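Engineer: Got a sequence here, can you build the structure:
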Amino acid sequence: MAKILIVGAGQAGLQLGHGLLQHGYDVTIVSDRTPADWRDAHVSSSQFQFATSLSYERELGLDWWDPAVPKVEGLGVTIPNPEGGDAPAVEWFGHLDSPGHSIDQRVKFPSWMEKFELRGGKLVIHAATPEDLDRYTAENDLVIVATGKGRLGQIFERWDERCTYDEPQRALALTYCHGVEPRGPFSSVCFNLIPGVGEYFVFEGLTLNGPCWIMTLEGIPGGPMDCWDDVRGDPKGHWEKTLWILETFLPWEYARVRNAELTDAKGILSGRFAPTVRKPVATTASGRKVLGLADAVLLNDPITGQGANNATKSAKMYLDAILERGEGPFDEAWMNATFERVWDRLQPVATWTNALLAPPPEHVINLLGAAGQYQEIADRFANGFDDPSDFFNWFMDPQLADQYLQEVASRA
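Structural biologist: The predicted structure is shown next:
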(Lines give C-alpha, C1' and ligand atoms only; values in the text may rest on other atoms or scores of the structure.)
Protein backbone atom coordinates (compact mmCIF):
# COMPACT_ATOMS: atom_id res chain seq x y z
CA MET A 1 0.00 0.00 0.00
CA ALA A 2 1.03 3.61 -0.54
CA LYS A 3 2.91 5.60 2.09
CA ILE A 4 1.11 8.83 2.90
CA LEU A 5 2.28 11.65 5.15
CA ILE A 6 -0.01 14.37 6.49
CA VAL A 7 1.33 17.59 7.98
CA GLY A 8 -1.16 18.90 10.54
CA ALA A 9 -3.05 17.16 13.34
CA GLY A 10 -6.31 19.08 13.15
CA GLN A 11 -9.84 18.10 12.19
CA ALA A 12 -9.10 17.24 8.55
CA GLY A 13 -5.62 15.78 8.98
CA LEU A 14 -6.52 13.47 11.85
CA GLN A 15 -9.80 12.36 10.30
CA LEU A 16 -8.08 11.56 6.99
CA GLY A 17 -5.26 9.77 8.81
CA HIS A 18 -7.70 7.51 10.67
CA GLY A 19 -9.60 6.79 7.48
CA LEU A 20 -6.44 5.79 5.60
CA LEU A 21 -5.34 3.51 8.46
CA GLN A 22 -8.63 1.65 8.27
CA HIS A 23 -7.86 0.83 4.64
CA GLY A 24 -4.35 -0.43 5.26
CA TYR A 25 -2.25 2.56 4.23
CA ASP A 26 1.09 3.37 5.84
CA VAL A 27 0.25 6.76 7.39
CA THR A 28 2.38 9.33 9.20
CA ILE A 29 1.01 12.52 10.77
CA VAL A 30 3.42 15.34 11.58
CA SER A 31 2.20 17.68 14.34
CA ASP A 32 3.79 20.68 16.00
CA ARG A 33 1.91 19.80 19.21
CA THR A 34 1.87 16.77 21.46
CA PRO A 35 -1.46 15.61 22.92
CA ALA A 36 -0.40 17.25 26.19
CA ASP A 37 0.32 20.50 24.33
CA TRP A 38 -3.19 20.45 22.89
CA ARG A 39 -4.80 19.90 26.29
CA ASP A 40 -2.86 22.85 27.72
CA ALA A 41 -3.53 25.20 24.79
CA HIS A 42 -5.84 28.17 24.36
CA VAL A 43 -9.12 27.49 22.59
CA SER A 44 -8.79 27.88 18.84
CA SER A 45 -12.26 27.42 17.37
CA SER A 46 -15.98 27.16 18.03
CA GLN A 47 -16.09 24.02 15.78
CA PHE A 48 -19.87 23.45 15.71
CA GLN A 49 -20.68 20.41 13.56
CA PHE A 50 -23.91 19.48 11.82
CA ALA A 51 -25.27 16.02 11.02
CA THR A 52 -23.41 15.29 7.77
CA SER A 53 -20.05 16.20 9.28
CA LEU A 54 -20.75 14.08 12.36
CA SER A 55 -21.72 11.10 10.21
CA TYR A 56 -18.23 11.05 8.66
CA GLU A 57 -16.66 10.88 12.13
CA ARG A 58 -19.09 8.12 13.09
CA GLU A 59 -18.07 6.05 10.06
CA LEU A 60 -14.50 6.02 11.38
CA GLY A 61 -15.41 5.27 14.99
CA LEU A 62 -14.28 8.71 16.17
CA ASP A 63 -17.46 9.73 17.99
CA TRP A 64 -16.88 8.30 21.46
CA TRP A 65 -18.00 11.53 23.21
CA ASP A 66 -21.53 11.15 21.91
CA PRO A 67 -23.17 10.27 25.27
CA ALA A 68 -21.56 13.25 27.06
CA VAL A 69 -21.67 16.09 24.55
CA PRO A 70 -24.73 18.38 24.72
CA LYS A 71 -27.06 17.89 21.75
CA VAL A 72 -28.13 21.03 19.90
CA GLU A 73 -31.50 20.55 18.21
CA GLY A 74 -32.03 23.79 16.32
CA LEU A 75 -30.92 27.21 15.21
CA GLY A 76 -32.55 30.52 16.08
CA VAL A 77 -32.24 33.96 14.54
CA THR A 78 -32.71 37.24 16.40
CA ILE A 79 -32.50 40.80 15.04
CA PRO A 80 -32.68 43.78 17.43
CA ASN A 81 -35.28 46.47 17.08
CA PRO A 82 -33.59 49.42 15.31
CA GLU A 83 -35.33 51.74 17.76
CA GLY A 84 -33.75 49.94 20.71
CA GLY A 85 -35.43 48.33 23.68
CA ASP A 86 -35.22 45.00 25.46
CA ALA A 87 -37.31 43.08 22.92
CA PRO A 88 -35.95 42.03 19.50
CA ALA A 89 -37.73 42.88 16.25
CA VAL A 90 -37.27 39.36 14.87
CA GLU A 91 -36.97 36.15 16.88
CA TRP A 92 -37.61 32.55 15.80
CA PHE A 93 -36.17 29.03 16.12
CA GLY A 94 -35.87 26.35 13.45
CA HIS A 95 -35.58 22.62 14.09
CA LEU A 96 -32.60 20.63 12.80
CA ASP A 97 -33.52 17.30 11.23
CA SER A 98 -30.67 15.76 13.27
CA PRO A 99 -28.89 17.38 16.20
CA GLY A 100 -25.42 18.90 15.99
CA HIS A 101 -22.77 19.45 18.62
CA SER A 102 -19.43 21.06 19.47
CA ILE A 103 -16.44 19.47 21.20
CA ASP A 104 -13.52 21.63 22.29
CA GLN A 105 -10.52 20.80 20.10
CA ARG A 106 -8.47 20.54 23.30
CA VAL A 107 -10.62 17.51 24.14
CA LYS A 108 -10.96 15.95 20.70
CA PHE A 109 -7.61 16.31 18.97
CA PRO A 110 -5.28 14.86 21.65
CA SER A 111 -7.58 11.88 22.04
CA TRP A 112 -7.67 11.32 18.28
CA MET A 113 -3.85 11.61 18.17
CA GLU A 114 -3.43 8.95 20.85
CA LYS A 115 -5.94 6.67 19.15
CA PHE A 116 -4.15 7.17 15.82
CA GLU A 117 -0.97 5.70 17.30
CA LEU A 118 -2.86 2.85 18.97
CA ARG A 119 -4.34 1.98 15.58
CA GLY A 120 -0.88 1.71 14.04
CA GLY A 121 -0.26 5.20 12.68
CA LYS A 122 3.03 7.04 13.08
CA LEU A 123 2.85 10.35 14.94
CA VAL A 124 5.87 12.63 14.56
CA ILE A 125 6.10 15.71 16.79
CA HIS A 126 7.89 18.36 14.77
CA ALA A 127 7.18 21.93 13.63
CA ALA A 128 7.40 21.18 9.91
CA THR A 129 8.79 23.79 7.53
CA PRO A 130 8.63 24.15 3.75
CA GLU A 131 12.19 22.77 3.66
CA ASP A 132 11.02 19.55 5.36
CA LEU A 133 8.59 18.91 2.52
CA ASP A 134 11.41 17.92 0.19
CA ARG A 135 12.39 15.05 2.48
CA TYR A 136 8.78 14.07 3.09
CA THR A 137 7.99 13.88 -0.64
CA ALA A 138 11.13 11.81 -1.27
CA GLU A 139 10.14 9.26 1.38
CA ASN A 140 6.35 9.05 0.75
CA ASP A 141 4.01 8.46 -2.19
CA LEU A 142 1.79 11.41 -1.22
CA VAL A 143 2.27 14.39 1.10
CA ILE A 144 -0.76 16.39 2.22
CA VAL A 145 -0.49 19.71 4.08
CA ALA A 146 -3.50 20.12 6.36
CA THR A 147 -2.44 23.23 8.25
CA GLY A 148 -2.47 26.86 7.23
CA LYS A 149 -0.28 28.06 10.09
CA GLY A 150 3.12 29.74 9.77
CA ARG A 151 5.28 29.46 6.70
CA LEU A 152 3.50 26.32 5.54
CA GLY A 153 0.36 28.37 5.10
CA GLN A 154 2.13 30.53 2.53
CA ILE A 155 3.36 27.81 0.15
CA PHE A 156 0.00 27.62 -1.62
CA GLU A 157 -0.66 30.47 -4.03
CA ARG A 158 -3.69 32.66 -3.45
CA TRP A 159 -6.37 31.96 -6.06
CA ASP A 160 -7.43 35.50 -6.83
CA GLU A 161 -10.32 34.57 -9.14
CA ARG A 162 -11.93 32.53 -6.38
CA CYS A 163 -11.42 35.04 -3.56
CA THR A 164 -14.15 37.57 -2.78
CA TYR A 165 -12.26 39.64 -0.22
CA ASP A 166 -8.67 40.83 0.19
CA GLU A 167 -9.01 41.95 3.82
CA PRO A 168 -10.58 40.56 7.01
CA GLN A 169 -14.29 41.29 7.13
CA ARG A 170 -14.78 40.78 10.86
CA ALA A 171 -12.95 41.32 14.14
CA LEU A 172 -13.37 37.94 15.80
CA ALA A 173 -13.60 36.89 19.43
CA LEU A 174 -14.27 33.54 21.05
CA THR A 175 -15.37 32.97 24.65
CA TYR A 176 -15.95 29.68 26.51
CA CYS A 177 -18.02 29.96 29.69
CA HIS A 178 -20.18 28.18 32.26
CA GLY A 179 -23.51 29.28 33.68
CA VAL A 180 -25.41 30.65 30.66
CA GLU A 181 -29.18 30.40 30.99
CA PRO A 182 -30.98 28.49 28.19
CA ARG A 183 -33.05 30.38 25.64
CA GLY A 184 -35.71 29.18 23.22
CA PRO A 185 -38.04 26.18 23.16
CA PHE A 186 -35.15 23.71 22.60
CA SER A 187 -31.36 23.75 22.66
CA SER A 188 -30.29 25.91 19.72
CA VAL A 189 -27.49 27.88 18.16
CA CYS A 190 -28.73 31.40 18.92
CA PHE A 191 -27.65 33.58 16.00
CA ASN A 192 -28.02 37.33 16.60
CA LEU A 193 -27.57 39.77 13.70
CA ILE A 194 -26.90 43.41 14.63
CA PRO A 195 -27.14 45.46 11.41
CA GLY A 196 -24.13 47.71 10.93
CA VAL A 197 -22.40 46.33 14.04
CA GLY A 198 -21.81 42.59 13.67
CA GLU A 199 -23.04 39.17 14.75
CA TYR A 200 -23.11 37.05 17.90
CA PHE A 201 -23.89 33.39 18.20
CA VAL A 202 -23.85 31.12 21.22
CA PHE A 203 -24.50 27.41 21.79
CA GLU A 204 -23.77 24.55 24.17
CA GLY A 205 -20.61 22.49 23.86
CA LEU A 206 -18.21 20.18 25.68
CA THR A 207 -14.88 21.40 27.04
CA LEU A 208 -12.08 20.11 29.27
CA ASN A 209 -14.10 20.50 32.47
CA GLY A 210 -17.44 19.36 31.13
CA PRO A 211 -20.44 20.98 29.39
CA CYS A 212 -20.04 24.65 28.55
CA TRP A 213 -21.32 27.48 26.38
CA ILE A 214 -19.36 28.78 23.41
CA MET A 215 -19.75 32.40 22.30
CA THR A 216 -18.54 33.77 18.97
CA LEU A 217 -18.54 37.53 18.39
CA GLU A 218 -18.00 39.03 14.94
CA GLY A 219 -17.55 42.77 14.72
CA ILE A 220 -17.56 44.82 11.53
CA PRO A 221 -14.08 46.39 11.24
CA GLY A 222 -14.00 49.91 12.65
CA GLY A 223 -17.31 49.44 14.46
CA PRO A 224 -18.06 49.18 18.18
CA MET A 225 -17.48 45.40 18.26
CA ASP A 226 -14.00 45.84 16.79
CA CYS A 227 -12.64 46.27 20.30
CA TRP A 228 -10.34 43.39 21.20
CA ASP A 229 -6.81 44.62 20.53
CA ASP A 230 -6.26 46.10 23.98
CA VAL A 231 -7.45 42.97 25.85
CA ARG A 232 -5.82 40.26 23.73
CA GLY A 233 -4.67 37.46 26.02
CA ASP A 234 -6.31 39.08 29.08
CA PRO A 235 -9.10 36.79 30.40
CA LYS A 236 -10.66 39.41 32.70
CA GLY A 237 -10.57 42.17 30.10
CA HIS A 238 -11.89 39.83 27.40
CA TRP A 239 -14.82 38.76 29.58
CA GLU A 240 -15.66 42.36 30.46
CA LYS A 241 -15.67 43.32 26.76
CA THR A 242 -17.97 40.38 26.01
CA LEU A 243 -20.42 41.47 28.69
CA TRP A 244 -20.31 45.09 27.52
CA ILE A 245 -21.19 44.10 23.94
CA LEU A 246 -24.11 41.95 25.05
CA GLU A 247 -25.47 44.52 27.50
CA THR A 248 -25.19 47.31 24.91
CA PHE A 249 -26.57 45.60 21.81
CA LEU A 250 -28.31 42.37 22.90
CA PRO A 251 -29.93 42.83 26.33
CA TRP A 252 -31.82 39.50 26.09
CA GLU A 253 -28.48 37.74 25.66
CA TYR A 254 -26.87 39.74 28.44
CA ALA A 255 -29.63 38.59 30.80
CA ARG A 256 -28.53 35.00 30.15
CA VAL A 257 -24.88 35.53 31.07
CA ARG A 258 -24.99 37.86 34.07
CA ASN A 259 -24.07 35.00 36.40
CA ALA A 260 -21.77 33.17 33.99
CA GLU A 261 -17.98 32.83 34.19
CA LEU A 262 -15.13 31.71 31.95
CA THR A 263 -14.50 27.97 31.76
CA ASP A 264 -10.77 28.58 32.22
CA ALA A 265 -8.16 31.29 31.68
CA LYS A 266 -7.38 29.86 28.22
CA GLY A 267 -11.01 29.79 27.10
CA ILE A 268 -10.64 33.01 25.07
CA LEU A 269 -9.36 33.97 21.63
CA SER A 270 -9.42 37.07 19.43
CA GLY A 271 -8.05 37.98 16.01
CA ARG A 272 -9.01 38.43 12.37
CA PHE A 273 -8.30 36.89 8.98
CA ALA A 274 -9.41 37.30 5.38
CA PRO A 275 -11.50 34.52 3.80
CA THR A 276 -9.14 32.95 1.28
CA VAL A 277 -9.04 30.29 -1.43
CA ARG A 278 -5.61 29.00 -2.45
CA LYS A 279 -4.45 26.81 -5.31
CA PRO A 280 -4.25 23.25 -4.00
CA VAL A 281 -0.82 22.16 -5.31
CA ALA A 282 2.51 23.56 -4.12
CA THR A 283 5.99 22.76 -5.41
CA THR A 284 8.92 21.93 -3.13
CA ALA A 285 12.44 23.23 -3.71
CA SER A 286 13.32 20.08 -5.65
CA GLY A 287 10.23 20.28 -7.85
CA ARG A 288 8.03 17.67 -6.17
CA LYS A 289 4.36 18.34 -5.46
CA VAL A 290 2.33 18.50 -2.24
CA LEU A 291 -1.44 18.74 -1.88
CA GLY A 292 -3.25 21.21 0.41
CA LEU A 293 -6.26 20.22 2.51
CA ALA A 294 -8.97 22.16 4.37
CA ASP A 295 -7.84 25.47 5.95
CA ALA A 296 -4.52 25.32 4.10
CA VAL A 297 -6.38 26.05 0.87
CA LEU A 298 -9.97 26.98 1.77
CA LEU A 299 -10.46 29.34 4.70
CA ASN A 300 -13.96 30.67 5.43
CA ASP A 301 -15.06 33.37 7.86
CA PRO A 302 -16.74 31.66 10.87
CA ILE A 303 -19.96 33.66 10.48
CA THR A 304 -21.74 30.54 9.16
CA GLY A 305 -19.97 28.04 11.43
CA GLN A 306 -18.69 25.98 8.51
CA GLY A 307 -15.00 25.54 9.39
CA ALA A 308 -15.14 22.10 11.02
CA ASN A 309 -17.88 20.98 8.63
CA ASN A 310 -15.78 21.96 5.61
CA ALA A 311 -12.79 20.14 7.10
CA THR A 312 -14.68 16.89 7.60
CA LYS A 313 -16.23 17.01 4.15
CA SER A 314 -12.86 17.76 2.55
CA ALA A 315 -11.17 14.91 4.44
CA LYS A 316 -13.95 12.51 3.43
CA MET A 317 -13.63 13.44 -0.25
CA TYR A 318 -9.83 13.19 -0.17
CA LEU A 319 -10.13 9.74 1.40
CA ASP A 320 -12.57 8.62 -1.28
CA ALA A 321 -10.30 9.97 -4.04
CA ILE A 322 -7.24 8.17 -2.62
CA LEU A 323 -9.14 4.89 -2.39
CA GLU A 324 -10.40 5.27 -5.95
CA ARG A 325 -6.86 5.95 -7.17
CA GLY A 326 -5.74 2.49 -6.08
CA GLU A 327 -2.22 1.85 -7.37
CA GLY A 328 -2.23 4.90 -9.66
CA PRO A 329 0.21 7.78 -9.10
CA PHE A 330 -0.72 10.76 -6.96
CA ASP A 331 0.49 13.20 -9.59
CA GLU A 332 -0.31 16.88 -10.05
CA ALA A 333 -3.24 16.18 -12.38
CA TRP A 334 -4.81 13.89 -9.78
CA MET A 335 -4.22 16.49 -7.03
CA ASN A 336 -5.93 19.24 -8.99
CA ALA A 337 -8.83 16.99 -9.98
CA THR A 338 -9.30 15.92 -6.36
CA PHE A 339 -9.46 19.51 -5.15
CA GLU A 340 -11.91 20.45 -7.91
CA ARG A 341 -14.29 17.78 -6.62
CA VAL A 342 -14.08 19.37 -3.20
CA TRP A 343 -14.45 22.88 -4.61
CA ASP A 344 -17.59 21.87 -6.52
CA ARG A 345 -19.13 20.86 -3.22
CA LEU A 346 -17.79 23.67 -1.05
CA GLN A 347 -17.99 26.62 -3.45
CA PRO A 348 -21.66 27.17 -2.46
CA VAL A 349 -20.50 27.29 1.18
CA ALA A 350 -17.91 29.95 0.41
CA THR A 351 -20.30 32.00 -1.74
CA TRP A 352 -23.08 31.91 0.86
CA THR A 353 -20.69 32.71 3.71
CA ASN A 354 -19.19 35.66 1.87
CA ALA A 355 -22.68 36.94 1.06
CA LEU A 356 -23.61 36.98 4.75
CA LEU A 357 -20.61 39.21 5.43
CA ALA A 358 -22.24 41.95 3.33
CA PRO A 359 -25.32 43.97 4.37
CA PRO A 360 -28.41 41.79 3.79
CA PRO A 361 -30.44 42.56 0.66
CA GLU A 362 -34.16 43.21 0.88
CA HIS A 363 -35.24 39.70 -0.10
CA VAL A 364 -33.12 38.19 2.70
CA ILE A 365 -34.66 40.57 5.24
CA ASN A 366 -38.09 39.53 3.99
CA LEU A 367 -37.23 35.82 4.34
CA LEU A 368 -35.86 36.21 7.85
CA GLY A 369 -38.94 38.13 8.87
CA ALA A 370 -41.27 35.54 7.31
CA ALA A 371 -39.50 32.71 9.16
CA GLY A 372 -41.05 34.06 12.34
CA GLN A 373 -44.47 33.49 10.79
CA TYR A 374 -43.89 30.22 8.95
CA GLN A 375 -42.12 27.37 10.75
CA GLU A 376 -41.32 25.75 7.40
CA ILE A 377 -38.98 28.63 6.52
CA ALA A 378 -37.32 28.60 9.94
CA ASP A 379 -36.66 24.86 9.69
CA ARG A 380 -35.35 25.10 6.14
CA PHE A 381 -32.97 27.90 7.11
CA ALA A 382 -31.65 25.91 10.08
CA ASN A 383 -31.01 22.79 8.00
CA GLY A 384 -29.31 24.81 5.28
CA PHE A 385 -26.32 25.08 7.61
CA ASP A 386 -25.81 21.34 7.15
CA ASP A 387 -26.27 21.51 3.36
CA PRO A 388 -25.64 25.12 2.26
CA SER A 389 -26.22 24.25 -1.41
CA ASP A 390 -29.96 24.39 -0.66
CA PHE A 391 -29.74 28.14 -0.03
CA PHE A 392 -29.23 28.63 -3.77
CA ASN A 393 -32.70 27.15 -4.39
CA TRP A 394 -34.49 29.89 -2.44
CA PHE A 395 -32.35 32.15 -0.23
CA MET A 396 -29.65 33.57 -2.48
CA ASP A 397 -31.81 34.70 -5.42
CA PRO A 398 -34.50 37.44 -5.12
CA GLN A 399 -36.86 35.83 -7.66
CA LEU A 400 -36.56 32.37 -6.13
CA ALA A 401 -37.08 33.91 -2.68
CA ASP A 402 -40.30 35.65 -3.75
CA GLN A 403 -41.53 32.48 -5.42
CA TYR A 404 -40.79 30.43 -2.32
CA LEU A 405 -42.57 32.90 -0.03
CA GLN A 406 -45.66 32.71 -2.23
CA GLU A 407 -45.57 28.91 -2.17
CA VAL A 408 -45.22 28.80 1.62
CA ALA A 409 -48.04 31.29 2.09
CA SER A 410 -50.35 29.33 -0.21
CA ARG A 411 -49.63 26.08 1.66
CA ALA A 412 -50.29 27.80 4.97
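Engineer: How about E240, nearest residue that isn't a chain neighbour?
Structural biologist: Nearest residue to E240 in three dimensions, chain neighbours excluded: V231, at 7.7 Å (Cβ to Cβ, 6 or more residues apart in numbering). All C-beta spots, glycine's among them, are computed from the backbone N, C-alpha and C.
Engineer: so who does that neighbour touch?
Structural biologist: Neighbouring residues of V231 by Cβ atoms under 8 Å, 6 or more residues apart in numbering: 237-238, 240-241, 270.
Engineer: In strands, which of the residues you listed fall?
Structural biologist: S270 (DSSP state E).
Engineer: Separate out the buried members of the contacts of V231.
Structural biologist: Applying 16 or more other Cβ atoms under 10 Å to these, the neighbour count classes 238, 241, 270 as buried.
Engineer: of those, closest to K149?
Structural biologist: S270 (16.8 Å; Cβ to Cβ).
Engineer: what's the offset of the lengthiest helix in the chain from the middle of its chain?
Structural biologist: Assignment by DSSP state H gives helix 332-356 as the longest helix of the chain. How far helix 332-356 lies from its chain's middle: 15 Å, per Cα atoms, centre = their mean, to the nearest Å.
Engineer: And the strands in the stretch 101-250 of the chain?
Structural biologist: 122-125, 142-145, 171-178, 188-194, 198-207, 210-219 (DSSP state E, counting those that start in this stretch).
Engineer: And L75, which helix or strand is it part of?
Structural biologist: Using DSSP states H and E, L75 maps to strand 72-79.
Engineer: same for that strand, what does it pack against?
Structural biologist: When contacts are defined as 3 or more Cβ pairs under 8 Å, 6 or more residues apart in numbering; DSSP states H and E, strand 72-79 packs onto strand 90-102, strand 188-194, helix 362-371, helix 375-384.
Engineer: Run through the neighbouring helices and strands of the last one.
Structural biologist: Just to be clear, that refers to helix 375-384. strand 72-79, strand 90-102, helix 362-371, helix 398-411.
Engineer: Select, out of the ones you listed, the one closest to D226.
Structural biologist: Among the helices and strands packed on helix 375-384, strand 72-79 sits nearest to D226 (Cβ to Cβ), with 20.2 Å.
Engineer: before we move on, the earlier item: nearest to Q11, out of the strands of the stretch 101-250 of the chain?
Structural biologist: strand 142-145 (13.5 Å).
Engineer: need the strands of the stretch 101-250 of the chain in CSV with mean neighbour count and distance to I377, can you?
Structural biologist: CSV is the format used below for these (neighbours: other Cβ atoms under 10 Å; distance: least, Cβ to Cβ, whole Å):
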stretch, mean neighbour count, distance to I377
strand 122-125, 15, 47
strand 142-145, 27, 40
strand 171-178, 22, 29
strand 188-194, 23, 15
strand 198-207, 23, 19
strand 210-219, 22, 24
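Engineer: Kindly reformat the ones you listed as CSV containing distance to F93.
Structural biologist: Conversion of the strands of the stretch 101-250 of the chain to CSV gives the following (distance: least, Cβ to Cβ, whole Å):
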stretch, distance to F93
strand 122-125, 42
strand 142-145, 39
strand 171-178, 22
strand 188-194, 5
strand 198-207, 12
strand 210-219, 17
